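# Predicted model, plus sequence, below.
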Amino acid sequence: MRAPPRPLPQALSRCLRRPRVAALRPAIAVFGALSLGLAQAAAQPVAALPEPAPPKEAGEKGEIRFQADRVTYAADAETVTATGNVVLRRDEQTVRADAVTWNRKTGLIEASGNIRFVDDAGNVLYTDKVELTDALKAGAIEDLLLVMRQGGRLAARSGERSTNGDMVLHDAAFSGCAVEGEDGCAKRPSWEVTAVAVTYDAKKQRVHYKGALLRVFGLPLLPLPGLSHTSDFRAESGLLIPDVRFSAANGAEISDTYYWRLANNKDLALTGYVFTGALPMIAGRYRQLTDKGAFQVSSYLTRSARINVGGGNVTDANAQEQVFRGYFEANGRFQLSEKLSLSGFGRYASDRTFLRRYDISRDDRLRSTINLERIDTNSYFSLAGWAVQTLRSGDRQGLVPIALPALEYRRRIVPPRIGGTLELQVNSLALSRPGGQDTQRAFAKAQWDLRTITGMGQEITFTGLLRGDVYHSSQNDLTSTVQYRGLPGWQSRGIAAAAVDVKWPLIGAALGGTQVFTPRVQFIAIPHIRNLAVPNEDSRSVELEDSNLFSLNRFPGYDRIEDGLRVTYGADWQLTRPGWRVSTTIGQSYRLSTQQVLLPDGTGLSSRVSDVVGRTDLRFRDIVQFTHRFRLDKDGLKLRRNEFDATIGNHRTYAEIGYLRLNRNIPTTFEDLRDREELRLSGRVAFARNWSVFGSGVANLTRRDDDPTKTSNGFQMLRHRLGFAYADDCLDLALTWRRDYITTGDATKGNTIQFNISLRGLGTR
């Protein structure tokens, strides 16, 4: 059976990042193996050949199997010619050609016509003609196309191999793109790297390019003088491709990286940045892999004008100071044993605007932690430490706590005879503030849960809880919110809780689908607790939501417990049809006890009758996704929380909208519970098969009366971005215009222009 014709050679390309650039080694390996295979095949015993070589044993490794439609021998010229579907096989390698000729006088071996070679790695070489000497040390190949198993394509008009194993390819090109479309027709790759010549040094195992040029859509984009790389895919030291951008804060920017390969398990990357609007900056990143895990360390350093926005005293915008500025980040994880691990990450910035000005990160808090964990089937242990650096304008760093140590241990057991699950927990936390209140806490807890199904289908869960707490605090008067302080010195309290939760799923047909209606009621009894006697460190941001409606404690964290006797009632409903799913949850709680609660007004929980909360989800295949969360005032059903997120479209063309309105009327003294209103929009429209336009924006709609700082005006654009993009099987590129509307210190508002190009599978620049 005749082999299929080879694809037409195309101008092709190769990668821009060093560790992924090496694309010619498969071609070199194919060329060498092809030379050996043709020579050995020509030497195999066939009919009418004089002086036959002794045959190899069947199944011997490296044995050449040879077949052709016709084999002739010219005695005068002493040439052997095999024609018609010539096939050479050796182990996992195959060579197909129209004809193979061996001249016994000159030692010249020629293969011609639709040559197709598959090496043992799965790479496929197509060419028209191959010439070899009888020494098998030199040879030539013409009009080649190499289709690599990894997806790349290498093409060259001609090539030769010297006696020492070096190779030279002429008019060569490489690309990671396919050279055929879905219809089987030839197509031009989206990107390619072309070169006048490509040289392979066999001794150093290096590939050098002469006249390398990156082309995108056939247009020359970037010359790559002196481009070279290894041929065996090993990473090595050298310069990477520069990056270019423009921003309002720093002007035009160009950066380049030197990659230093220290060993097979560690490397170092040093990057230099040059700006037209600021002094240069240097950055470094070190990575290492060990037998227990891996870690990396990154840092940035420069000197520039800084505007102080910290500590609550915002300096005049003109009062800048030239200082050294930078950023440090490290992270890693080590698996010490099957169940024991050590992980950590650390982040620190020299000031509050450095990350935003140099577009490294937009985080407003930098968290650092170290954590020793042990996890098995029924237990969990954690010994950790936390530190947070605030980057928010006006926040005092001295009021941000450091948590060290933070200990957590849990064990789950099945009690004999009574059944259910018993979880034992021990927790300890120490918080210290350089300029504020210090708090230490420890508690032990036991919680028992038993779930059962009645004969009528009701699901009943019984819960019992016992907990004992010990607190110590000092400098309590430095906490501005009185309800958060607690009493100074040593304090203790005991907690007991009992709960019964009943669900009754009812299933039936409706509207051509299946519906499930589940009424639910829960009774919880918790005796009075000395909440205000202990500090409140982790239970401040409290609000009634659908996620905590049936929780044993609606306060987050451990420092505050919602005591008293209450009943919570609600229902879940879900309708499922082919392609559709709608679900909704609604509920409310009623406090049976009359004692005063410490929950502030506006949280939905301060009165005996709570507000009504709910959530609705709508899904239509993968085209429509809609989620709405709400809280209705118990008296006038006024919306106190109105939040929805909607997505319409597919992955190529879509629109997203997010809206949040918190109208809780909470006193501004509770800084963790401020009201706000925000709108988020984003979308993408695809056109012309591979092109798309996209955009997004965030606007602050908070009214002046809801903002304690009195700086909001009802509409304030925060940032937006607009751009267009191209994406196909091997190329992604995008041009983006981003605008920031808020100036914070030297992180000025203005425009940022970014151009990104990604050669898929080969790196981004």
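Nice, I can see it.

# all strands of the stretch 401-550 of the chain, in order?
For the stretch 401-550 of the chain, the strands defined by DSSP state E, counting those that start in this stretch occupy 402-413, 421-432, 438-453, 459-474, 489-503, 506-510, 513-526.

# Now do the same contact list for Phe687.
Phe687 makes contacts with Val693, as judged by Cβ atoms under 8 Å, 6 or more residues apart in numbering. C-beta coordinates here come from the backbone N, C-alpha and C atoms, glycine included.

# distance of it from Phe724?
Applying Cβ to Cβ, to the nearest Å, the value for Phe687 to Phe724 is 10 Å.

# Now the common contact residues for the two.
Both Phe687 and Phe724 are in contact with Val693, where contact means Cβ under 8 Å, 6+ apart.

# I'd say Tyr471 and Leu532 touch.
No - using Cβ atoms under 8 Å, Tyr471 is not in contact with Leu532; the gap is 11.8 Å.

# who has more neighbours, the two?
Taking other Cβ atoms under 10 Å, Tyr471 and Leu532 do not tie; Tyr471 has more neighbours (23 against 15).

# is that one in a bridge, and if so with what?
Using DSSP bridges, the bridge partners assigned to Tyr471 are Arg441, Gln491.

# before we move on, what about Leu431?
Beta bridges link Leu431 to Ala403, Thr439 when assigned by DSSP bridges.

# picking that back up, what touches both of Tyr471 and Leu532?
Jointly contacting Tyr471 and Leu532 under the rule Cβ under 8 Å, 6+ apart are Gly486.

# element containing Ala155, please.
strand 153-161 (DSSP states H and E).

# Tell me the buried residues in that strand?
The neighbour-count check on strand 153-161 (16 or more other Cβ atoms under 10 Å) flags 153-156, 158-161 as buried.

# Kindly indicate which of those residues lies nearest Gly512.
Ranked by distance to Gly512 (Cβ to Cβ), those are led by Arg153 at 51.5 Å.

# Verify the stated contact: the closest one with Val179.
Yes - assessed by Cβ under 8 Å, Arg153 is found in contact with Val179 at 5.6 Å.

# quick revisit: now, among the buried residues of strand 153-161, which is nearest to Asp91?
Nearest to Asp91 out of the buried residues of strand 153-161 is Arg161 (Cβ to Cβ; 21.7 Å).

# Tell me the pLDDT of that closest one.
Note on Arg161: pLDDT of 70.

# before we move on, what about Ser158?
On pLDDT, Ser158 comes in at 86.

# so who does it touch?
140-143, 169-171.

# Quick check: beta-bridge partners of it?
Applying DSSP bridges to Ser158 gives these bridge partners: Glu142, His170.

# and if you look at Thr616?
Thr584, His628.

# Contact partners for it?
Counted by Cβ under 8 Å, 6+ apart, Thr616 has contacts 582-585, 626-628.

# which of those residues sit farthest apart?
The span of the contacts of Thr616, defined through Cβ to Cβ, is set by Thr585 and Phe626 at 14.6 Å.

# okay, now Glu321: neighbour count?
Neighbours of Glu321 (other Cβ under 10 Å): 10.

# was I right about it contacting Ser304?
No - if you go by Cβ under 8 Å, Glu321 and Ser304 don't touch, sitting 9.8 Å apart.

# Leu372 and Ala384 touch, don't they?
Yes - between Leu372 and Ala384 a contact is recorded at 7.2 Å, counting by Cβ under 8 Å.

# on that earlier part again, who wins for proximity to Arg261 among the strands of the stretch 401-550 of the chain?
Between Arg261 and the strands of the stretch 401-550 of the chain, the shortest gap by Cβ to Cβ is with strand 402-413, which sits at 37.6 Å.
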